[in-house]
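K.L.:
Predicted model, plus sequence, below.
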Amino acid sequence: MTHKQIAKSPESHMRAQDSTEILNSLIEPQENTRSFSRRLFREDQTDLTKSLQEQLTEKDLHIARLQDALTSERKKCARLQSRCNQQGAELKRREQQTNRMKEKLPQLTDRQKHRGVSIEILNVLPKWTGRREAGFKTAKADGRIEEALRLLLDRREAELREAMKLRHGLTTLLHMLRNNMAQAIQDSSNTGVEETEDNVLVQSEQSLGDHVTGGVVQEWMQVQKTLRELMAQSPIAPETDQEKLLVHLEEELEQSRQLIRAQQQLLQESVNPPLPAVLMDCYYIEEWERLQDHWEEFKRQRRSFQRERQAFTEAAIRLGREKNEFEQQKALRLKSDFLNFSPVKKNTQWNRRESTALSDQRVAAPDQLSMSPCVTPSSEGSEVTPGSCQNLVMTPNTPELYSVLKLPYYRSQQMLGSPEEHHTWPF
């Protein structure tokens with residue numbers, strides 16, 4: 001009946017056109033906001049993709065550098081491995097060669113012991129048959145040559161060692177002889193020391209042999225004896241007592257100098273007496289006190305540093321919480337702004353707390369939505385009874401539809417500015 005009445009009455013047709021215009025006016029700002037949000041989302045996505053691409057390029061470059069380093073290290077390892085293999089092969093070859101030489105050495109020595117008188121034929125003449133026999137005992141000849149060369153080398157080495165020993169003995173003998181000559185020329189009074197040195201020279205000459213030195217030490221002994229005899233017979237002999245007196249005076253002078261130094265030291269100690277035993281460790285006590293002061297300063301600085309670090313961490317935590325609260329407040333403010341942009345002003349009797357509670361209830365239980373009766377032109381003049389409201393078709397209002405569909409609900413300025421339309425919509 002209600003549909004027939006709507007089709008028959010022209011006023012209902014006009015109201016339907018008005019409702020379509022209102023819906024179009026509601027859809028247009030919603031599409032604009034959606035396009036704006038999409039544009040912002042696309043810009044964010046492009047920035048994010050650019051940053052990700054830059055990070056990927058950096059990672060690729062880093063991976064390429066690492067791969068180059070890995071290839072170079074692998075090449076180096078391969079070169080070292082090949083060199084190690086070559087050295088191992090060379091070592092094995094040398095070991096095999098030494099083993100073969102060790103095996104050949106006793107054979108050659110045994111053959112040399114049991115060898116009789118024989119003639120080696122190096123160049124064999126060809127026979128009349130046109131054939132030429134192989135070399136006669138070439139391996140034996142090579143082994144004998146090697147053995148002979150080895151023996152010669154050993155002899156040369158032994159001779160060289162003997163020559164080195166002889167050279168060392170001769171150099172030591174000449175050095176001792178030179179020192180003895182210099183001492184004999186400078187002073188001829190120390191007869192006991194000279195006799196011991198002469199005995200050492202004679203023993204060294206005997207160890208070397210007269211055939212090496214040529215009797216140089218014996219001749220020097222004879223020369224030294226004649227020199228002493230001449231020094232004893234010469235008129236310069238009385239001067240020896242004078243020299244002894246000079247030496248004695250020099251010793252007394254040195255003793256007097258030492259005595260003067262000791263007296264000066266004693267005088268200095270008497271003027272500046274040493275510290276008593278009680279005050280000997282005063283510097284140690286001062287150092288210990290200074291160390292304790294430094295340790296207290298260090299503890300104080302550590303405590304202050306810990307306090308500053310704790311304050312910094314608390315400030316960082318507080319800043320993070322304030323940031324989260326700010327983000328939540330910002331989101332709530334944006335949500336409230338979006339919800340306030342509705343096409344119709346709210347009634348003054350509808351409180352904000354009630355609206356939020358109602359919206360939460362509607363989101364929690366969308367099946368229990370409050371339904372408003374569908375108003376028609378025929379029902380405007382007639383009074384609505386409580387029994388007749390049960391038979392009417394109940395339709396949800398616009399905020400309820402938006403809350404159920406989880407879409408943002410905006411109020412346009414045109415709807416907010418027109419009071420007539422505000423009275424027509426029963427929300």
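P.N.:
Received it, and whenever you're ready, just let me know what you need.
K.L.:
Which stretches in the stretch 101-250 of the chain count as helices?
P.N.:
The residue ranges that make up the helices of the stretch 101-250 of the chain, judged by DSSP state H, counting those that start in this stretch, are 138-186, 191-208, 210-213, 216-233, 239-271.
K.L.:
Now tabulate those in CSV and tack on mean pLDDT and mean neighbour count.
P.N.:
No exception for glycine: its C-beta is placed from N, CA and C like everyone else's. Converted to CSV, the helices of the stretch 101-250 of the chain look like this (pLDDT from 0 to 100; neighbours: other CB atoms under 10 Å):
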stretch, mean pLDDT, mean neighbour count
helix 138-186, 81, 12
helix 191-208, 73, 13
helix 210-213, 71, 13
helix 216-233, 78, 13
helix 239-271, 83, 10
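K.L.:
Distance to Tyr284 added to those, as a markdown table?
P.N.:
As requested, these are arranged in a markdown table below (distance: least, CB to CB, whole Å):
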| stretch | distance to Tyr284 |
| --- | --- |
| helix 138-186 | 54 |
| helix 191-208 | 53 |
| helix 210-213 | 68 |
| helix 216-233 | 65 |
| helix 239-271 | 23 |
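K.L.:
Next up, identify which helix or strand Asp293 is on.
P.N.:
Asp293 is located in helix 282-340, with elements delineated by DSSP states H and E.
K.L.:
which secondary structure elements does that helix contact?
P.N.:
For helix 282-340, not one helix or strand is in contact under the criterion 3 or more CB pairs under 8 Å, 6 or more residues apart in numbering; DSSP states H and E.
K.L.:
What mean pLDDT does that helix get?
P.N.:
Per-residue pLDDT over helix 282-340 has a mean of 88.
K.L.:
So what are the structural domains in this structure, by residue number?
P.N.:
For the chain, whose domains are defined here by automatic domain parsing, the residue ranges read 50-94, 153-233, 293-340, 341-372+393-427.
K.L.:
Now render the ones you listed as a markdown table, adding distance to Arg39.
P.N.:
A markdown table is the format used below for the domains of the chain (distance: least, CB to CB, whole Å):
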| stretch | distance to Arg39 |
| --- | --- |
| domain 50-94 | 17 |
| domain 153-233 | 98 |
| domain 293-340 | 17 |
| domain 341-372+393-427 | 17 |
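K.L.:
Arg42: which of the ones you listed is closest?
P.N.:
For these, distance to Arg42 was read as CB to CB. The smallest value, 12.5 Å, belongs to domain 50-94.
K.L.:
could you give me the average pLDDT of the closest one?
P.N.:
Confidence for domain 50-94, expressed as mean pLDDT, is 85.
K.L.:
ok so, going back, closest to Asp241 out of the domains of the chain?
P.N.:
Set against Asp241 and scored by CB to CB, those come closest in domain 153-233, at 10.9 Å.
K.L.:
how close does Thr259 sit to Leu267?
P.N.:
Quick fix: residue 259 is Leu, not Thr. Applying CB to CB, to the nearest Å, the value for Leu259 to Leu267 is 13 Å.
K.L.:
With Leu173 instead?
P.N.:
When CB to CB is applied, the distance between Leu173 and Leu267 equals 55 Å.
K.L.:
cool, and Ala163?
P.N.:
Ala163 sits at a distance of 67 Å from Leu267 (criterion: CB to CB).
K.L.:
One more: His62?
P.N.:
Distance, His62 to Leu267, using CB to CB: 81 Å.
K.L.:
now Thr57
P.N.:
For Thr57, the distance to Leu267 under the criterion CB to CB works out to 88 Å.
K.L.:
Please apply the same query to Ser204.
P.N.:
Relative to Leu267, Ser204 is positioned 55 Å away (criterion: CB to CB).
K.L.:
again with Met221
P.N.:
Using CB to CB, Met221 is found at 56 Å from Leu267.
K.L.:
Tell me the helices and strands packed up against the helix or strand containing Asn85.
P.N.:
For Asn85, the enclosing helix or strand under DSSP H and E is helix 10-114. Applying 3+ CB pairs under 8 Å, 6+ apart, one finds that helix 10-114 makes contact with helix 2-8, helix 138-186, helix 377-381, helix 413-417.
K.L.:
Neighbours of Gln96, how many?
P.N.:
Residue crowding around Gln96 was assessed by other CB atoms under 10 Å; the count is 10.
K.L.:
Same check on Leu52?
P.N.:
Neighbour count for Leu52, taken as other CB under 10 Å: 10.
K.L.:
so who does it touch?
P.N.:
With CB atoms under 8 Å, 6 or more residues apart in numbering as the criterion, no residue contacts Leu52.
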